[in-house]
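Colleague: Any chance you could fold what I've pasted below:
(2 chains)
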There are 2 protein chains.
Amino acid sequence: MKTRRTPNLLAAVLVVAVAFTSTITRAQDDSLPSWNDGPAKQAIVNFVRTTTETGSANFVPREERIATFDQDGTLWVEHPMYSQVMYCFERVGVLAKEKPELKNVEPFKTVLSGDHEAIAKLTMPDLEKIFAATLTGMSTDKFQVQVKEWLASAKDQRWKKPYNELTYLPMQDVLKYLRANGYKTYIVTGGGQDFVRVYAEQTYGIPPEQVVGTMSGTKYGYDKDGKPILTKEPKILLNDNNAGKPEGIHLMIGRRPHASFGNSPGDQEMLEYTKADDGARLAMLVLHDDAKREYAYGPAQGLPNTKVGTFPQALYDKAQKDGWTVISMKNDWKQVFAFDKN
Amino acid sequence: MKTRRTPNLLAAVLVVAVAFTSTITRAQDDSLPSWNDGPAKQAIVNFVRTTTETGSANFVPREERIATFDQDGTLWVEHPMYSQVMYCFERVGVLAKEKPELKNVEPFKTVLSGDHEAIAKLTMPDLEKIFAATLTGMSTDKFQVQVKEWLASAKDQRWKKPYNELTYLPMQDVLKYLRANGYKTYIVTGGGQDFVRVYAEQTYGIPPEQVVGTMSGTKYGYDKDGKPILTKEPKILLNDNNAGKPEGIHLMIGRRPHASFGNSPGDQEMLEYTKADDGARLAMLVLHDDAKREYAYGPAQGLPNTKVGTFPQALYDKAQKDGWTVISMKNDWKQVFAFDKN
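Modeller: I've put the predicted structure just below:
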């Protein structure tokens, strides 16, 4: 009896242990509940496991666990137009109330007309005038208040929701999953660094010091009461697009990321830079191929062309060649938005 | 009997409670073991308590606990010359081995002569040539290797020790004490951001992404094997001195610090900016008044004048007027260096 009891006990312990292990494994897989099973989800899970499990040949020390995310089109909706551009256009209306003379001055007159066709024809110098008028000249504190006020009232036209509810639930899963595994998550966006910082903590759990964006200069000075203030200047220090993304990452972080996520050619250099060192590296691109739940645009894979967040076939081919993973919104995402009925 | 027992028990409990509380208090005070008791130590302890104790009117949420430290003269020795300038001069010797023709070209010829008097007379354009030749033109990876190699062999002339052993033990105490209380510690230095990042983690426990310094541009490109690299360019994005310090803090952190430490007029705007908001704010300046254990220079308080890390009387007076605390190295620091016999 005694000799048979021990194996039984051992078997029972093993059964419990296996059940326990499989619970852990399932719990880990459940870290990406908005993803369908498939190569994209698997790439993320494999990457996290191989870089964080003790004894793994690809183990990455905690302080070097850096993951960078493009924002527009990668973390939230960028169609029909980038949210920050919507902010600038809508802000012209507020400015015109303060300075009625703007109503007769171009390009503000066109923006105020609401004539979509005329607005679409604005030139780059026109847009720069609008950006300078709405994004610079005020103190950093005042700018923060202005953006917060806008965010609280502005709504996307299709979903009639505040812009910061239009974040992709599967990418929120990835942010949380990486952070739960010791990764520091950064936004690396072509958008304005000061703009994105206003809502990044509340929207993505990413603090202002982890937002890398297009950087403008500020000028230190004193207000009329002698209180120190920083005034936003119309001077670009770094354009955080294309080559500017790895340059911005070096400037702001000083370490090479182990994982990067993007969706357009502006992210290509960031993904190249991420992959160009030893160990396990994750590079992923979101393909917008879901006209029903979000939008469909490429022109890669025969999708309709676009001027906002284009995904050319050449980028798709490069991804295949270099071992980057393309995320199909349609096939890989179980649910797109938190407010979607799944 | 019963009526007397309860007060006795209560008294016993109180005695234990008081003993326990005083243990906690002593443990907290022991967080600054290299400091003498006095107003400077008390200012630090009071600040940490009032901003971190639950229920305190000055309580600061954990994510907003930011403390910024100048480096040269605040965290480590800056006399007779800033370490980075020593690096650049000594690096010229290495360059001359690779490119012997430099031996006949000014200002390199003068630096290579070792003639201290002639070196002291180099003009700003001369120095800029030396900085450009030694700090730019290479990849960020190569630069890191060069600085690491130098740090491993270079020695300060007075103490015959590696430069990164010449950090002030009392300031290391402050860094640790603040971090133990949830503060994120940043270096905000006029020195090169890429230079200081090489050793900041090992020397101060401060990771590269928490080093704010004078920022130079990099250029993204590919080496001969097609591998992406960032090349250091002779282009200053931000001079992190004076007004550049709050501007750099905004750029890199995006939050206002609650505590700042400096030692010269280059830190004045950082301290002003730190103090210019509500709640408890700590602003401190290190006064080098200890010729025996370190150096003595002002010219504040009748100390000898200097060109390196000056502390003018006007800054001393401003500190008194605005409630900044001046740290007397001589009186406030029990021990200056870790290698000192106390």
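
Colleague: I'd like to know which helix or strand in chain A has the lowest mean pLDDT.
Modeller: Within chain A, no helix or strand scores below helix A:2-29, which has a mean of 49 by mean pLDDT, DSSP states H and E.

Colleague: Walking through chain A, point out its helices one by one.
Modeller: Secondary structure of chain A (DSSP state H): helices at A:2-29, A:39-52, A:83-98, A:108-113, A:116-120, A:124-135, A:140-153, A:169-180, A:193-204, A:244-252, A:268-275, A:313-322, A:329-332.

Colleague: Which residue is the nearest non-sequential neighbour of residue A:338?
Modeller: Excluding the flanking residues, the one nearest residue A:338 by C-beta to C-beta, 6 or more residues apart in numbering or on different chains is residue A:169, at 5.1 Å. Just so you know, the C-beta spots here come from the backbone N, C-alpha and C atoms, and that holds for glycine as well.

Colleague: Tell me who's in contact with the one you found.
Modeller: Residue A:169 sits next to A:34, A:333, A:335-338, A:340 when contact means C-beta atoms under 8 Å, 6 or more residues apart in numbering or on different chains.

Colleague: go again using 10 Å as the cut-off
Modeller: Shown in contact with residue A:169 (C-beta atoms under 10 Å, 6 or more residues apart in numbering or on different chains): A:33-35, A:333-340, A:342.

Colleague: now do residue A:75
Modeller: The contact partners of residue A:75, taken as C-beta under 10 Å, 6+ apart, are A:69, A:166-168, A:171-172, A:174-175, A:187, A:189, A:196, A:200, A:203-204, A:206, A:261, A:263, A:286.

Colleague: what about the closest residue to it other than its chain neighbours, distance to residue B:54?
Modeller: Setting aside the residues directly before and after it, residue A:75 is nearest to residue A:171 in space (C-beta to C-beta, 6+ apart), at 5.1 Å. Per C-beta to C-beta, to the nearest Å, residue A:171 is found 35 Å from residue B:54.

Colleague: again with residue A:45
Modeller: From residue A:45 across to residue B:54, the span is 39 Å (C-beta to C-beta).

Colleague: Please identify which of the two sits among more neighbours.
Modeller: residue A:45 (18 against 5; other C-beta atoms under 10 Å in any protein chain shown).

Colleague: surely that one meets residue A:31?
Modeller: Yes - using C-beta atoms under 10 Å, residue A:45 is in contact with residue A:31, at 8.0 Å.

Colleague: what is in contact with those two at once?
Modeller: Residues within reach of residue A:45 and of residue A:31 at once, by C-beta under 10 Å, 6+ apart, are residue A:177.

Colleague: For the stretch 51-200 of chain A, what lies in contact range of chain B?
Modeller: By C-beta under 10 Å from any C-beta of the partner chain, the part of the stretch 51-200 of chain A that sits against chain B consists of A:63-64, A:66, A:140-141, A:144, A:184, A:186, A:193-194, A:196-198, A:200.

Colleague: Would you point out the most distant pair within those?
Modeller: Greatest spacing in those, by C-beta to C-beta: A:64 and A:141 (34.5 Å).

Colleague: Pull out the buried positions in stretch A:40-59.
Modeller: For stretch A:40-59, burial by neighbour count (16 or more other C-beta atoms under 10 Å in any protein chain shown) applies to A:40-41, A:43-45, A:47-48, A:50-52, A:58.

Colleague: That should have said stretch A:126-140, apologies.
Modeller: For stretch A:126-140, the neighbour count (16+ other C-beta under 10 Å) marks A:126-127, A:129-136, A:139-140 as buried.

Colleague: Can you give the distance of that stretch from its chain's centre?
Modeller: Once both centres are worked out by C-alpha atoms, centre = their mean, to the nearest Å, stretch A:126-140 turns out to sit 23 Å from its chain's centre.

Colleague: just for the stretch 1-150 of chain A, where's the confidence low?
Modeller: A:1-29 (pLDDT under 70).

Colleague: How about the stretch 201-342 of chain A?
Modeller: A:342.

Colleague: rewinding a little: which one's more surrounded, residue A:64 and residue A:141?
Modeller: Under the neighbour definition other C-beta under 10 Å, residue A:64 and residue A:141 were set side by side, and residue A:64 has more, 16 against 13.

Colleague: quick one: the closest residue in space to the more buried one that isn't next to it in sequence from residue A:189, how far?
Modeller: Closest residue to residue A:64 apart from its sequence neighbours, by C-beta to C-beta, 6+ apart: residue A:255 at 6.3 Å. Using C-beta to C-beta, residue A:255 is found at 18 Å from residue A:189.

Colleague: Between the two, point out the one with more neighbours.
Modeller: Shown here are residue A:255 and residue A:189; by other C-beta under 10 Å, residue A:189 has more neighbours (29 against 16).

Colleague: Which residues are in contact with the closest residue to the more buried one other than its chain neighbours?
Modeller: Closest residue to residue A:189 apart from its sequence neighbours, by C-beta to C-beta, 6+ apart: residue A:71 at 4.0 Å. Contacts here follow C-beta under 10 Å, 6+ apart; on that basis residue A:71 touches A:78, A:82-84, A:167, A:171, A:187-191, A:196, A:200, A:203-204, A:206, A:211, A:213, A:261-263.

Colleague: at 6 Å what do you get?
Modeller: A:187, A:189, A:191 (C-beta atoms under 6 Å, 6 or more residues apart in numbering or on different chains).

Colleague: follow-up on the earlier one: for the residues of the stretch 51-200 of chain A next to chain B, which one is nearest residue B:101?
Modeller: In terms of C-beta to C-beta, no member of these lies closer to residue B:101 than residue A:64, at 40.4 Å.

Colleague: Chain B versus the one residue sitting closest to the centre of chain A, what's the distance?
Modeller: Taking C-alpha atoms, centre = their mean, the centroid of chain A lies closest to residue A:71, which sits 2.4 Å from it. From residue A:71 across to chain B, the span is 15 Å (C-beta to the nearest C-beta, to the nearest Å).
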